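**Student:** here is a sequence together with a model predicted from it:
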Amino acid sequence: MADTLKGLELLRQEVPANLVGKLPRVTCGACRKNNCEQHRKSKCQVCDGWLGQHMHLDYVGHAETTAQLLEADLEWNWEPLAFDANGLPAFDADGGLWIKLTVCGVTRLGYGTADNANGFKSRGDIRKEIIGDALRNAAMRFGWALNLWAKTDIHERAPQEEHDSAPSGQAQRSKGNAPETDPWATAAPAAATSPGGGERPKPNQKMLATVNAEVKKRVGAKDEDRFALISRIIGRPITSTHDLFLDEAKKVLVTLANEPLFLDLQAAILGAADPSSLGAVYQQVKDAFDSGRLTQEQFRELDQLGEAAAADLTKAAQPAGVS
């Protein structure tokens, strides 16, 4: 029994940093289609990918998951939940695969899928990806890599007094009540403690609905695209709009509200014919930022784009043969 607990407890530990990889996620629809005229592909120093505009998500791969399962139990095993007429694993109508993962004598279910939106993966590669996804999904049921999925510190217990029950017939009041002057905020249980020790209020349902509606206008209703755009704006990955804090939800709305101006300035930078006109566009960018019509991230992106455009114009102005 002691050995069994040791093995299963191993999967409950926080994933070591050396096993966590960086998964690139392209956040621009045009970049995904390889026809983007706004973002240049370049070598990313984080993920080594040659990509346009993208963000990074922490993830644990198939090999790292297999290595940890072997550390927990050398005799671990998986099998499909069902077999087809040929005795092979049976994939469901959506192309996914249900499996049974057994570790230290304990069996739990998992489900795997794979995306082939670009149509370049072979059928065999897709199935291998599905199996790897199913293993990671099933391993999570044992606690593996939960710290990468959870939005709270699941490996740190709260002080006991935080769990005291409210008096009978009374609802316990949350410490995260939002300021009464902010009509967007919701008072109740949605506050969270920030790293600085204060508490960050959460947006109410009305604001979340507005965020969802505005994001859908830009990238459509697909969850992956919506969450990728929001994650890029707030600077951290999310898997649901309910993960947002109030200040982050406001930032998303402000950023999207300023998007037409941002896109116009992008086009003006790319369309500048000479350094003089580019300088005039830069002044517009600076004025827009100083007046609060551009976020800091939008200003930084335009600034970087302007630097690249200036370098191109300088190079184009040089006589042939001069480098």
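**Tutor:** On my side now, so go ahead.
**Student:** mind checking which helix or strand residue 100 is in?
**Tutor:** strand 97-103 (DSSP states H and E).
**Student:** oops, could you answer that again for residue 40 instead?
**Tutor:** Counting by DSSP H and E, residue 40 is found in no helix or strand.
**Student:** what number of residues lie near it?
**Tutor:** 13 (other Cβ atoms under 10 Å). All C-beta spots, glycine's among them, are computed from the backbone N, C-alpha and C.
**Student:** right, and it touches residue 309 too?
**Tutor:** No - taking contacts as Cβ atoms under 8 Å, residue 40 lies outside contact range of residue 309: 10.3 Å.
**Student:** and for these two, which residues touch both?
**Tutor:** Applying Cβ atoms under 8 Å, 6 or more residues apart in numbering, one finds that no residue jointly contacts residue 40 and residue 309.
**Student:** what packs against the helix or strand where residue 269 lies?
**Tutor:** Using DSSP H and E, residue 269 sits in helix 259-271. Identification of packing neighbours for helix 259-271 by 3 or more Cβ pairs under 8 Å, 6 or more residues apart in numbering; DSSP states H and E yields helix 275-290, helix 296-317.
**Student:** now stretch 125-133: buried residues?
**Tutor:** 126-127, 129-133 (16 or more other Cβ atoms under 10 Å).
**Student:** over to stretch 18-30?
**Tutor:** 20, 23-29.
**Student:** with mean neighbour count and distance to residue 269 added, can I get the helices and strands packed on helix 259-271 in TSV?
**Tutor:** What follows is the helices and strands packed on helix 259-271, written out as TSV (neighbours: other Cβ atoms under 10 Å; distance: least, Cβ to Cβ, whole Å):
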stretch	mean neighbour count	distance to residue 269
helix 275-290	15	5
helix 296-317	15	5
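**Student:** minimum distance to residue 111: which of the ones you listed has it?
**Tutor:** helix 296-317 (35.8 Å; Cβ to Cβ).
**Student:** center of this protein - which residue?
**Tutor:** residue 237 (3.1 Å; Cα atoms, centre = their mean).
**Student:** what helix or strand is that one located in?
**Tutor:** Residue 237 belongs to no helix or strand, assigned by DSSP H and E.
**Student:** tell me the pLDDT at it?
**Tutor:** Looking at residue 237, its pLDDT reads 88.
**Student:** likewise for residue 83?
**Tutor:** On the pLDDT scale, residue 83 gets 93.
**Student:** wait, it touches residue 98, no?
**Tutor:** No - look at residue 83 against residue 98 with Cβ under 8 Å: they stay out of range, at 11.4 Å.
**Student:** quick check: which ranges of the stretch 51-200 of the chain have low pLDDT?
**Tutor:** Within the stretch 51-200 of the chain, the segments meeting pLDDT under 70 span 56-59, 117-119, 147-199.
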